[in-house]
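Visitor: Structure, please.
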Amino acid sequence: MSERITEDFVREHFKKDLLYNQIQFEEQKSKIHKINKLLNNASKSGNGKGRPEFILSGFSDSKELIIVVECKAETARHKSKTLNQYAEYAVDGALLYSDYLAKEYDVLSIAVSGQRLDDLEVSHFLQKEGGEAQEIFGKKLLSIADYLEGYHQEGKRYEEQEKYEEMLAYSKVLNEDLHRLRIKEDKRSLLLSGILIALEQGSFYKSYKNYTGKKLAKQLVETITEQFEQANLQEQKKEKLKQNYAFITTHDSLIEQRNNFNKKTLEDIIDDIDRNINSFAKTYRYYDVLGQFYIEFLRYSNSDKGLGIVLTPPHITDFFVNLVNISKEDVVYDNCTGTGGFLVSAMKRMIKDAGGNRELEESIKANQLHGVEYQPEIYPLAVSNMFLHGDGKSNVLDGDCFDKGIIEEIKKREPTVGLLNPPYKSSKKDDIEELEFMLNNLETLQKGGRCVAIVPMSCVLAQKGERLELKKRLLKKHTLKAVFSMPNELFHNSRVGVVTAVLVAEAHTPHPTRNKVLFGYFKDDGFEKRKNIGRTDIYKRWKKIEEEWLSLYYSPESKAGISVVKQVAAEDEWCAEAYMETDYSNLSEDDFVKTIKNYVAFQFLHQTEGNKDDVSCIK
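Guide: Presented below is the predicted three-dimensional model:
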């Protein structure tokens, strides 16, 4: 086999490109001094200059971008498991060059292997200057125009993610500022939502700096009230919402004049929220901003955990929406609305599917997004959140989703999709089981409707008692499609230690006895814990992982280490761990060392606590 053949394929591909004569196309080395200098120590053998097969630069509207290509003759030499065999593998070598060049450039590295044009193996990685390489595009060589378009789109996503993380970091600052002002935790999200609603009104936005102290607080509440008056809300809803925001006009620290330059005033808080949150919300639509700040505000209190409230991370609410393939025709229902995260994600997907049809967009917002919220502290946040996203009518009902009147009212709206994260059961015997909420949601859906719920793992493992009876009820009336074991620390940002599973069911078709269910071991979502922002997709792995999860759902198959397709009954454990084969090919020496260290640390901890006989498995 000859590497020259592979290089010829790549060379001809770019030479035929419409933009070929408008860029710099070089082989082995570059005429650009800075590029050669960066490659001086990038030899694949570890000693000397790096010489990529091809270097593309000089893009008219992307001067900061370089494309490098590394080729290998055999597809077996496309990518190593360790990614550090630079001379032997195409991906390894391409990423090596990218690491060096990314010190001063954005780099798109392309690895190509194979001897037949119709059977080339291709991988692409984008590494922003100073950042980490992330896989991008597909498995085929693209045109230069497509690469540039993808690069610009990815740049926008990078910028959006950076801005989002900056906003989350500000949530800590705002929380501390409101703590100094002695605003109680359960009032902080209300104050934030009220300010965001008021800033939507142009006259308030332009004039609020003309007021201070008591007058500003009064003007703020009056503006919030006016905004709700103009919205198509029920009178009862309006009155309740006005009462929720009334505290702003009586709270001492919000109505006092500035008397301490180290202490922020209401005007300062509005300025900060406008700069750090409002600008983001207006630029990047369809984020559950209030939900993320609610998590931060209640993180150090017991309020949210005491109520069993665990807010779903945004990437998971989006995953639910993609899982059931929501379209512009769907009617969505969340019977445990919280701050409205699922409804916001559904709205985003449905608006996109509307394709710019304004009339259809208004109909989606006014008629196709429904919710119920029981907790009086959270209900106004759900309504406010939907209001801020342009849903002037707000179909979030205030009440108990098990109430017969509410059930009948929701049925009239003919929902086709149910999304929920139910309140997690407390230790009280009479508290409602999580699967009860899922069954309640399924009851309201049209026949064939799709329901997705995230519940504690204990619900799907149950083999006796009330939880087993609930599993039986589910299979008796509905079809179980899939169960996914989710990351152990999925709710780390809420500081609630609960391991969860996602259930997908089809409404009003009894589960066929011989039907097989997809069980996914979805423990790695690519997110890592980082100081100040909690779990974040720092290495940009989520997009690819989500695609794999969705592919498995739509084309179920047993895949070692990640999924199994199996026929089950209510008495069985509904989790991948119970049936899945282990993929030993992915185990390395590092995994062995890490497990031994964890085991030793576990033993030491328990011996220190005087529990020498309490030795459990470490997973």
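Visitor: hey, where'd the strands end up in the stretch 451-600 of the chain?
Guide: 479-485, 500-506, 516-521, 528-530, 534-536, 563-567 (DSSP state E, counting those that start in this stretch).
Visitor: out of these, nearest to E165?
Guide: Proximity to E165, assessed across the strands of the stretch 451-600 of the chain by CB to CB, is greatest for strand 534-536 (6.3 Å). In this view, the C-beta of every residue, glycine as well, is placed from N, C-alpha and C.
Visitor: Of all the residues in that closest one, which ones are buried?
Guide: The neighbour-count check on strand 534-536 (16 or more other CB atoms under 10 Å) flags 534-536 as buried.
Visitor: top helix in the protein by residue count?
Guide: Secondary structure of the chain read by DSSP state H shows that its longest helix is helix 144-180.
Visitor: Next secondary structure after that helix?
Guide: Reading on from helix 144-180 to the C-terminus, the next helix or strand found by DSSP states H and E is helix 185-199.
Visitor: what distance separates that following helix from the middle of the whole chain?
Guide: The chain centroid and the centroid of helix 185-199 are separated by 24 Å under CA atoms, centre = their mean, to the nearest Å.
Visitor: What is that helix packed up against?
Guide: Helices and strands touching helix 185-199, by 3 or more CB pairs under 8 Å, 6 or more residues apart in numbering; DSSP states H and E, are helix 144-180, helix 213-230, helix 235-245, helix 266-273, helix 289-297, helix 379-388.
Visitor: could the ones you listed be laid out in JSON lines, adding distance to V452?
Guide: Shown next, in JSON lines, are the helices and strands packed on helix 185-199 (distance: least, CB to CB, whole Å):
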{"stretch": "helix 144-180", "distance to V452": "24"}
{"stretch": "helix 213-230", "distance to V452": "31"}
{"stretch": "helix 235-245", "distance to V452": "28"}
{"stretch": "helix 266-273", "distance to V452": "33"}
{"stretch": "helix 289-297", "distance to V452": "18"}
{"stretch": "helix 379-388", "distance to V452": "19"}
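Visitor: Which stretch among those helices approaches M350 most closely?
Guide: helix 379-388 (13.4 Å).
Visitor: What lies in contact with that closest one?
Guide: 189-190, 193-194, 196-197, 200, 227-228, 231, 233, 237, 240-241, 244-245, 281, 288-291, 294, 337-340, 343-344, 369, 371, 373, 394-396, 398 (CB atoms under 8 Å, 6 or more residues apart in numbering).
Visitor: Of the residues you listed, keep whichever come out buried.
Guide: Counted by 16+ other CB under 10 Å, those give 189-190, 193-194, 196-197, 200, 227-228, 231, 233, 237, 240-241, 244-245, 281, 288-291, 294, 337-340, 343-344, 369, 371, 373, 394-396, 398 as buried.
Visitor: can I get the strands of the stretch 451-600 of the chain in TSV with mean pLDDT and distance to P313?
Guide: Shown next, in TSV, are the strands of the stretch 451-600 of the chain (pLDDT from 0 to 100; distance: least, CB to CB, whole Å):
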stretch	mean pLDDT	distance to P313
strand 479-485	98	14
strand 500-506	97	11
strand 516-521	97	17
strand 528-530	85	13
strand 534-536	82	7
strand 563-567	96	22
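Visitor: do you know which of the ones you listed lies nearest K172?
Guide: Per CB to CB, nearest to K172 of the strands of the stretch 451-600 of the chain: strand 534-536, 10.3 Å.
Visitor: So which elements touch that closest one?
Guide: strand 528-530.
Visitor: Neighbouring strands of the strand it packs on in the sheet, and parallel or not?
Guide: strand 534-536 (antiparallel) (DSSP bridges).
Visitor: contacts for the partner strand?
Guide: 165, 168, 313, 489-490, 492-493, 527-530.
Visitor: and with 7 Å instead?
Guide: Contact partners of strand 534-536, identified using CB atoms under 7 Å, 6 or more residues apart in numbering, comprise 165, 489, 492-493, 527-530.
Visitor: Okay, domains of this protein per the record?
Guide: 3-142, 161-283, 289-586, 589-619 (automatic domain parsing).
Visitor: want to try TSV for these, with distance to G150 as columns?
Guide: Output for these, formatted as TSV (distance: least, CB to CB, whole Å):
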stretch	distance to G150
domain 3-142	6
domain 161-283	16
domain 289-586	13
domain 589-619	33
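Visitor: And those domains: which comes nearest H152?
Guide: Once the domains of the chain are compared by CB to CB, domain 3-142 is nearest, at 7.5 Å.
Visitor: how far does the closest one stretch from start to finish?
Guide: Distance between the two ends of domain 3-142: 20 Å, counting by CA to CA, to the nearest Å.
Visitor: centre of the chain versus that domain, how much separation?
Guide: 31 Å.
Visitor: Please apply the same query to stretch 445-453.
Guide: 22 Å.
Visitor: Assign the residue nearest the centre of the chain to helix, strand or coil.
Guide: For the chain, the residue nearest the mean C-alpha position is H315 (1.2 Å; CA atoms, centre = their mean). Following DSSP: H, G, I helix; E, B strand; the rest coil, we place H315 in the helix state.
Visitor: Need the pLDDT of the spatially closest residue to it that is not a sequence neighbour.
Guide: Distances taken as CB to CB, 6 or more residues apart in numbering put W542 closest to H315, at 5.7 Å, once the chain neighbours are dropped. W542 carries a pLDDT value of 92.
Visitor: Kindly report the same for the one 10 residues further on.
Guide: You'll see L552 listed with a pLDDT of 96.
Visitor: Look up the closest residue to W549, ignoring the ones flanking it.
Guide: Of all residues not flanking W549 in the chain, F522 sits nearest, at 5.8 Å (CB to CB, 6+ apart).
Visitor: Can you report how many residues lie near that neighbour?
Guide: The tally of other residues near F522 (other CB atoms under 10 Å) stands at 22.
Visitor: From what I see, it and S485 are in contact.
Guide: Yes - between F522 and S485 there is a contact under CB atoms under 7 Å: 6.1 Å.
Visitor: Count the neighbours of K140 for me.
Guide: 9.
Visitor: Now it: which helix or strand?
Guide: Secondary structure (DSSP H and E) places K140 outside all helices and strands.
Visitor: That one - nearest residue in space that isn't next to it in sequence?
Guide: For K140, the spatially nearest residue (CB to CB, 6+ apart) is V122, at 5.8 Å.
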